[in-house]
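Novice: sequence first, predicted coordinates after that:
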Amino acid sequence: ATLTAEIPGINALHRLFEGVPALLVAAGPSLDSIKASLKDLRERCVIVAVDTALRACLDAGCVPDFVLAVDPQFWNARHLDHVDSASCTLVSELALWPALWQRPWKERFLFSSLFPLGSWLEERIAPKGRLAAGGSVATSAWDFCRYLGCRTIYLAGLDLAYPFGRTHMRGATFEERSLESATRITPAEYKSFLLPRMAQARRVEARAGGAVLCDARMKMYIAWFQRVFAEDRETVSLSVGAAGAAIKGLGTIALKDILALESCRGLLDRKRSERRRETEREWKARETDRREIMEKTFETLKEKLRELTDSCSLAVDACQKALEALGDAEKAPESSAAKPLVDRAFAACDGCEALCASETARDIAGFLFPDTDSIEAGVPEDKGNKLRWHLAWSQALWRELGSSAAWQLEVIVKNTQGMEGPGRYLKQVGFKTNT
């Protein structure tokens, strides 16, 4: 949330480069064929690189205008190891590997988080601007080019297949790691051969005709691009070269045709400098307001997490007492002392549901809810007493939700250093911490 208040959103860049072509640089094997021309292409296009391709761009003397990173995993962050990013502008969302935020960047911009908590915080503190997501950083990068106002988007290295039997360009982190771990018996070439087989790759139509290997994950990305290409007829997307899998709606263009365009780098840099000054001035002017809103938002979040934790605790406790009473009675609840306890348990569960459906708590509960399929699988069906099974299932659901709320509260309190320790919430009725 602190980053939300500190870093401006991509809405400050909306339609900045209207009518200027963009070059989206991905890290597929075909990037090797145009790598030497990236510096010249930068004179004619807005350069938007995915994080995995940043190293190749800088090696070629091409500083991208923007670098997109969306994967929060540690191993993905390793793509930027030993890369000098000080001259680059990062575009990402809140759920990024923390070390990447600590790297030196020329500028940083956020787009709306893909995760419910981040989105909830941003909407209240400082809206950022949304980008589409199709499972790959390249999908968000393409939509970012469109967000900048670029109506012609050239795609370099977006193969979505295994052309030449490889997964990435030369020098990519994945390839370097294979070379480092190679032995005489298992050379890097063997691993390259093995990878498509392990991914159960199948032959699909190639962009240049014939067939090329492509796995299920890549097919999902292809389906996403085909859908957005069909929906947006105003944006022209062209592949630089014909390597990779065929994608309906994606044309091709020769490298020489892009290099024949007139240089527009001076115009791009001038527009960028003017917008940077405007953004810095406006963002700084509202700094105090954002801080105040952030503090109020945190208080609301902590308050609702406490309410959820306490409500779930009551429901879990009530369900436990009802289950114990049913086990002791061994007869129909309506004719036993168990009935009042069962009614009390369902009333407590109804209270949890009502709280989760309330206007403020609804969005907060939305990012806490556990996987109900796994809960159902973990509660053995009691064929002799359906009522007992429903109580056990409800108890498991509210225990997991309460545990999640308590853990979130603990993290927030630790980071804001404001309120009493929340350990008591984690100890109630079997609530557990994930730390």
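Specialist: Thanks, I have it. Numbering: from 1, shown residues only.

Novice: tell me the contacts of the closest residue to L323 other than its chain neighbours?
Specialist: Once flanking residues are discounted, L323 sits nearest to L391: 5.4 Å by CB to CB, 6 or more residues apart in numbering. In short, each C-beta sits where N, CA and C put it, glycine included. L391 makes contacts with 319, 322-323, 326, 342, 345, as judged by CB atoms under 8 Å, 6 or more residues apart in numbering.

Novice: over to the nearest residue to W97 once chain neighbours are set aside: give its phi and psi.
Specialist: Among residues not flanking W97 along the chain, A77 sits closest, at 3.9 Å (CB to CB, 6+ apart). For A77, the backbone dihedrals (degrees, to the nearest 10) come out as phi -60, psi -20.

Novice: count the residues that sit near A77.
Specialist: 19 (other CB atoms under 10 Å).

Novice: roughly how far is the helix or strand where the residue nearest to L323 lies from the heart of the chain?
Specialist: Assessed by DSSP states H and E, L391 sits inside helix 386-416. Distance, stretch centre to chain centre, for helix 386-416: 25 Å (CA atoms, centre = their mean, to the nearest Å).

Novice: also stretch 233-242?
Specialist: 25 Å.

Novice: which parts of the stretch 101-250 of the chain are helices?
Specialist: All helices of the stretch 101-250 of the chain, identified by DSSP state H, counting those that start in this stretch, fall at 116-125, 137-147, 173-181, 188-198, 216-231.

Novice: mind putting these into JSON lines with mean pLDDT, distance to A161 and mean neighbour count?
Specialist: What follows is the helices of the stretch 101-250 of the chain, written out as JSON lines (pLDDT from 0 to 100; distance: least, CB to CB, whole Å; neighbours: other CB atoms under 10 Å):
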{"stretch": "helix 116-125", "mean pLDDT": "84", "distance to A161": "32", "mean neighbour count": "19"}
{"stretch": "helix 137-147", "mean pLDDT": "96", "distance to A161": "13", "mean neighbour count": "24"}
{"stretch": "helix 173-181", "mean pLDDT": "69", "distance to A161": "16", "mean neighbour count": "15"}
{"stretch": "helix 188-198", "mean pLDDT": "70", "distance to A161": "9", "mean neighbour count": "14"}
{"stretch": "helix 216-231", "mean pLDDT": "94", "distance to A161": "6", "mean neighbour count": "16"}
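
Novice: of all these, which lies closest to C349?
Specialist: C349 lies closest to helix 116-125 among those, at 22.8 Å (CB to CB).

Novice: lowest-confidence member of the contacts of L391, which is it?
Specialist: On pLDDT alone, L326 ranks lowest of these, at 81.

Novice: which one's the longest helix in this structure?
Specialist: helix 287-329 (DSSP state H).

Novice: quick one, the helix or strand containing F346 and helix 386-416 angle?
Specialist: According to DSSP H and E, F346 maps onto helix 338-357. Angle of helix 338-357 versus helix 386-416, following axes from the mean of the first three to the mean of the last three CA atoms, to 10 degrees, is 40 degrees.

Novice: mind listing what's buried in the next helix-or-strand element following helix 338-357?
Specialist: Sequence order places helix 359-366 as the next helix or strand after helix 338-357, per DSSP H and E. Using 16 or more other CB atoms under 10 Å as the test for burial, helix 359-366 gives 361, 364-365.

Novice: closest to L110 out of those?
Specialist: I364 (20.6 Å).

Novice: now that closest one: how far from F298?
Specialist: Going from I364 to F298 by CB to CB, to the nearest Å gives 12 Å.
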